[in-house]
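S.K.: sequence and computational prediction follow.
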Amino acid sequence: MQSMKFNGCSEMLTFKKEIETILFTLRGSPWATHADVQKVISEYEHFIGAAKTPTQTRRVSLQIFHASRAIDSLLKHMVEHEANRVGRAVVGYLNLKRSLNNIQRHGVGGQRFATPTETDVKDLTKARNRYLHVADDFPADRDLRVFLNQAARAIGEAITFPV
Amino acid sequence: MESVVAEEKERKRKDKILKSLIDQLPSGSFQKNPYFPNLLNQPELLISPAPGKLIAVFLYRQRLTWRSALASLEDLFEAKLYMGRDTVAVAYDLSEIRNDFEGDDMRRLLQNTFDVFFHLDFWKSDIREGRFSNTMQRSASRQNLFRLWDMEKEFVQGALRRFSKDRYQTLVDRDHLPSRAKEAVVRQTEVAIEEVTGAFPQREPLVDSVKGSLGSLSGRYKLGFDFVTPDPTHVPVEIVRVGRYGSRDTVRYLMTKARLMRYTGETGQLERLGQNVRPLLVVEGNLAGPDHDPYRYVRSLVSVGWELISADAVNEIQRVLRDAYV
């Protein structure tokens, strides 16, 4: 029992360090010089700050909200930037699913998401739609961790795309 | 006991050096001990002197050998793949200097691939005179290697599609300890190859690699394996005896080995070989990763092109040889 408790705590610390590392990497990435990505950085800071909210339902809601906005806005910006760069028109509004499809089809700076990350982002769109649209439905801690991990790792991979 | 004391002394020395580096940086411009889930070895420090610039600092205190040099080179590959090719990768070699032909070439390999590489003697004065921060601000990533990082990223993404937990489950059983001597596994594998191909494999072959040209080395180096299978497959085979602990450095070394045999040409004009053969790793024991990600080492090796089988399942060699080409 003691060991399980210790493992949980150690996992939590690793997760905290990982999301902080992604924030630092985001600030140092060449994308960070774009005004729209500065907004993503602020959103990601809110996401990290949300972990300190004492009320559980409020904390979970804020974490989902800020993580979703951060990844949505980042991928949307990347798709638009790439389309501008190569002179291609983007048709319609870019939501997370459309941005993902666009990246996988056309690439950003010649690169695309790896298959596991593509699957993660697809899962994110489904989970997010459920969490944001079904009343009084909150994910269990374990599911929330998966959701946040997938969002953070997708952001981490996206910022390695060449500008 | 002596080695524990020496290890502790070395660790304290490294901490002291890290602190003297950090003391020169403005607060908020660095992160100590970052964590990237895909890196086998984490940098000690991340620095962002300005928005849009990221520097990863690795400190190496292990004595420089070809094995440790290739493991360090793996850190560079991973930094470029998982932090972005624009990330400036900095390495400081804190080990005792080896003044011989090979030692020079090992250092040259790291000097000519990392964006910044110093041996302790070179940068000691930087610490004293507080020039570390300026050195970091002036540093830039090597653009002539961008194509290599891009080709490697593309390869890794393709190779990862082959990974499945079911296929490699037996390799992450941490209770499966290495019990046989390496020579016994070598002989058993040799016989299995002979049964499948009708001929004995060649022992201790040397395989071409891009190591020499990548590092602009004075010697032309090849990579050593335990076997290569006979005509027509020519699959390089390596046998490792590993357990739950201490396998990470072996994995880092093996990763670079697989990467380097995939390319040809000179730095700046490296090309992927037209058809690549997948090297085979025969594992006596297990390659279980950390508790939160037991498949980490197996997945990493598969991502750079290795095929893996347990030494208890050498009968799988027929399948491996059938799918030998990437």
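M.R.: Yep, that arrived.

S.K.: now the residue in the stretch 151-300 of chain B positioned nearest to chain A: which helix or strand?
M.R.: Going by C-beta to the nearest C-beta, chain A is nearest to B:Gln157 of the stretch 151-300 of chain B, at 4.5 Å. C-beta here means a position set from N, CA and C on the backbone, and glycine is covered the same way. Secondary structure assigned from DSSP states H and E places B:Gln157 in helix B:146-159.

S.K.: now swap in A:Phe147 and tell me
M.R.: helix A:141-158.

S.K.: got a list of contacts for that helix?
M.R.: Helix A:141-158 is contacted from outside by A:15, A:18-19, A:22, A:25-26, A:44, A:60, A:63-64, A:67-68, A:70-71, A:74-75, A:78, A:108, A:113-114, A:117, A:120-121, A:123-124, A:127-128, A:131, A:139, B:36-37, B:82, using C-beta atoms under 8 Å, 6 or more residues apart in numbering or on different chains.

S.K.: again with stretch A:46-54
M.R.: Against stretch A:46-54 from outside (C-beta under 8 Å, 6+ apart): A:Lys16, A:Ile19, A:Glu20, A:Leu23, A:Arg59, A:Leu62, A:Gln63, A:Phe65, A:His66, A:Ala67, A:Ala70.

S.K.: is it true that the fourth one touches A:Tyr44?
M.R.: It stands for A:Leu23. Yes. Between A:Leu23 and A:Tyr44 there is a contact under C-beta atoms under 8 Å: 5.4 Å.

S.K.: between the two, tell me which one has more neighbours.
M.R.: Ranked by neighbour count (other C-beta atoms under 10 Å in any protein chain shown), A:Leu23 and A:Tyr44 place A:Tyr44 first, with 25 against 20.

S.K.: can you list the buried residues in the helix or strand containing that one?
M.R.: Assessed by DSSP H and E, A:Tyr44 sits inside helix A:35-50. Neighbour counts over helix A:35-50 (16 or more other C-beta atoms under 10 Å in any protein chain shown) mark A:Val37, A:Val40, A:Ile41, A:Glu43, A:Tyr44, A:Phe47, A:Ile48, A:Ala50 as buried.

S.K.: contacts only, for the residue nearest to B:Asn315 when sequence neighbours are not counted.
M.R.: Using C-beta to C-beta, 6 or more residues apart in numbering or on different chains and skipping the chain neighbours, the partner closest in space to B:Asn315 is B:Ala192 (6.7 Å). Shown in contact with B:Ala192 (C-beta under 8 Å, 6+ apart): B:Val314, B:Asn315, B:Ile317.

S.K.: same check on B:Ser133?
M.R.: B:Gln24, B:Leu25, B:Pro26, B:Pro49.

S.K.: so B:Arg248 is in contact with B:Tyr297, correct?
M.R.: Yes. Between B:Arg248 and B:Tyr297 there is a contact under C-beta under 8 Å: 7.1 Å.

S.K.: ok, those two, which is more surrounded?
M.R.: It is B:Tyr297, of B:Arg248 and B:Tyr297, that has more neighbours when counted by other C-beta under 10 Å, with 28 against 18.

S.K.: check which helix or strand covers that one.
M.R.: helix B:296-303.

S.K.: please state the offset of that helix from the chain centre?
M.R.: Averaging C-alpha positions (C-alpha atoms, centre = their mean, to the nearest Å) puts helix B:296-303 12 Å from its chain's average.

S.K.: now what about it, what contacts it?
M.R.: With contacts defined as C-beta under 8 Å, 6+ apart, helix B:296-303 is touched by B:40, B:156, B:159-160, B:162-163, B:168, B:171-172, B:247-248, B:251, B:254-255, B:258, B:281, B:287-290, B:308.

S.K.: out of those, which are buried?
M.R.: Buried by 16+ other C-beta under 10 Å: B:40, B:156, B:159-160, B:163, B:168, B:171-172, B:247-248, B:251, B:254-255, B:258, B:281, B:287-289, B:308, out of the contacts of helix B:296-303.

S.K.: so which of those residues sit within strands?
M.R.: B:Leu281, B:Leu308 (DSSP state E).

S.K.: in chain A, which helix or strand is least confident?
M.R.: In chain A, the helix or strand scored least confidently by mean pLDDT, DSSP states H and E is helix A:2-28, which has a mean of 77.

S.K.: what is it packed up against?
M.R.: helix A:35-50, helix A:141-158, strand B:30-32, strand B:45-47 (3 or more C-beta pairs under 8 Å, 6 or more residues apart in numbering or on different chains; DSSP states H and E).

S.K.: hmm, try it at 7 Å
M.R.: Judged by 3 or more C-beta pairs under 7 Å, 6 or more residues apart in numbering or on different chains; DSSP states H and E, the packing partners of helix A:2-28 are helix A:35-50, helix A:141-158.

S.K.: average pLDDT across the longest one?
M.R.: The average of the pLDDT scores along helix A:141-158 is 90.

S.K.: go on, the first one?
M.R.: Mean pLDDT, taken over the full extent of helix A:35-50, equals 95.

S.K.: give me the angle between it and helix A:141-158.
M.R.: Counting by axes from the mean of the first three to the mean of the last three C-alpha atoms, to 10 degrees, helix A:35-50 lies at 150 degrees to helix A:141-158.

S.K.: chain center to the very next helix or strand once past helix A:35-50: distance?
M.R.: Next in sequence after helix A:35-50, counting helices and strands by DSSP H and E, comes helix A:56-86. Averaging C-alpha positions (C-alpha atoms, centre = their mean) puts helix A:56-86 6 Å from its chain's average.

S.K.: now helix A:56-86 against helix A:2-28, angle please.
M.R.: Going by the same axes, to 10 degrees, helix A:56-86 makes 40 degrees with helix A:2-28.

S.K.: and B:Ala6, how many neighbours does it have?
M.R.: 10.

S.K.: before we move on, back to that, how about the contacts made by the residue of the stretch 151-300 of chain B closest to chain A?
M.R.: A:Ala114, A:Thr115 (C-beta atoms under 7 Å, 6 or more residues apart in numbering or on different chains).

S.K.: skipping adjacent residues, who's closest to the residue of chain A found nearest chain B in space?
M.R.: Here chain A gets closest to chain B at one residue, A:Gly28, 2.9 Å apart by C-beta to the nearest C-beta. Spatial nearest neighbour of A:Gly28, excluding adjacent residues (C-beta to C-beta, 6+ apart): B:Leu54 at 2.9 Å.

S.K.: please apply the same query to A:Asn102.
M.R.: Leaving out its chain neighbours, the residue that sits closest to A:Asn102 by C-beta to C-beta, 6+ apart is A:Val79, at 4.6 Å.

S.K.: state the distance from the one you found to B:Glu154.
M.R.: 20 Å (C-beta to C-beta, to the nearest Å).

S.K.: between these two, point out the one with more neighbours.
M.R.: A:Val79 (21 against 14).

S.K.: what's the burial count for the closest residue to B:Arg244 other than its chain neighbours?
M.R.: Using C-beta to C-beta, 6+ apart and skipping residues adjacent in sequence, the residue nearest B:Arg244 is B:Arg174, 4.5 Å away. Neighbour count for B:Arg174, taken as other C-beta under 10 Å: 15.

S.K.: so who does B:Arg174 touch?
M.R.: Contacts for B:Arg174 were tallied using C-beta under 7 Å, 6+ apart; they are B:Arg244, B:Asn286, B:Ala288.

S.K.: same thing with B:Asn112?
M.R.: So B:Asn112 contacts B:Gly215, B:Ser216 (C-beta under 7 Å, 6+ apart).

S.K.: quick one, phi psi at it?
M.R.: phi -90, psi 0 (degrees, to the nearest 10).
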